[in-house]
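Visitor: structure of the sequence below:
(one chain, ligands or ions: 1)
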Amino acid sequence: MIASWRTCILEFPLLEVAFAHFDRLTQAWLKKENSALMIRHLPAIFLLLWISSTGVSHAFTGKVVSVADGDTITVLTKDKSQVKIRLYGIDCPEKAQAFGTKAKQFTANLVFGKQVDVEAIDQDRYGRTVGVVSVQGANVNEMLLKTGYAWVYTRYCRKSFCSTWQDTQEAAQAGSLGLWSDPNPTPPWEYRRGSKAGTKKQQTQVKSSGAYHGNTSSHVFHRQGCRYFNCKNCTVNFQTREAAINAGYRPCGICKP
Ligand SMILES: [Zn+2]
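Guide: The predicted model follows:
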């Protein structure tokens, strides 16, 4: 972390300038030079402090040479190294899931063979760079959310902009775009976990009951008779519509409970 932060500093001319000012200021202070000189350097110091507090991330550009799936691409950098990038804070459907292939095509159409800007935020456990990718100024992560080809990966999306991304996802959901054409899609992280046995057990538990069933992953609820009433994740029971709404669930757009 520290190492990458330092690398970024070196690649950040503004910071170099700020550091130069900081040096001058320290020298001026040590030599007890006049305060006017010190004041001249102060704005740069504040800039430096502000940049450090917001956290500088490592940014680079490169050409996209491969698209593994909707949220994973490989970039060839200027120094001819290939960097595999997992798009930060989002999760596209797996290939075997609905819209998995479409998500991949969408990303490929958008970035393949093109020059992209990568703002590296993190590294995942596979050593891949996790970042926000832009092509011609357009944020690819956001575009995937906007078009309904990705979920906000809530577990890993920790930046302040993630709440905006959540709104973007909800707009796609409201418009039934992409994967949201299914009112009860399975989140890719749950799909990967594939805990079918547990779900089946839960399903038999709810079959016998309540007037409304809530989907634990999408937080949509259905009334009896809806074709999604006994969906895979519809494992929560509500006796009344109000109870479902109070629990943070929203009515299904199809059965309109
Ligand atoms: Zn429904």
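
Visitor: so what pairs up with the residue nearest to P188 when sequence neighbours are not counted in the strands?
Guide: In space, P188 comes closest to D91 once its chain neighbours are excluded; the distance is 4.8 Å by Cβ to Cβ, 6 or more residues apart in numbering. (Glycine included, C-beta is placed from N, CA and C.) Beta-bridge partners of D91, counted by DSSP bridges, are W151.

Visitor: would you confirm that D91 contacts T186?
Guide: No - assessed by Cβ atoms under 8 Å, D91 is found out of contact with T186, at 11.4 Å.

Visitor: okay, now the unreliable bits of the stretch 1-150 of the chain?
Guide: 1-39, 41-57 (pLDDT under 70).

Visitor: tell me which residue in it sits closest to the ion.
Guide: Relative to the ion, the nearest point of the stretch 1-150 of the chain is A98 (17.7 Å; Cβ to the ion).

Visitor: residue ranges of the helices in the stretch 51-200 of the chain, please?
Guide: For the stretch 51-200 of the chain, the helices defined by DSSP state H, counting those that start in this stretch occupy 100-111, 140-146, 162-174, 188-193, 196-207.

Visitor: residues of the first one that come out buried?
Guide: Neighbour counts over helix 100-111 (16 or more other Cβ atoms under 10 Å) mark G100, K102, A103, K104, F106, T107, A108, L110, V111 as buried.

Visitor: now do the contacts for the second one.
Guide: Yep, that's K102 we're talking about. Y149, G178 (Cβ atoms under 8 Å, 6 or more residues apart in numbering).

Visitor: what of the fifth one?
Guide: Contacts for F106 were tallied using Cβ under 8 Å, 6+ apart; they are G70, M143, L144, T147, Y149.

Visitor: now Q115, nearest residue through space, not along the chain?
Guide: Nearest to Q115 is K63, by Cβ to Cβ, 6+ apart, at 5.5 Å.

Visitor: once you drop chain neighbours, what's closest to the residue positioned nearest the centre of the chain?
Guide: The centroid of the chain falls nearest to G89 when counting by Cα atoms, centre = their mean (1.9 Å). In this structure, G89 finds its nearest non-sequential neighbour in C157, 3.4 Å apart by Cβ to Cβ, 6+ apart.
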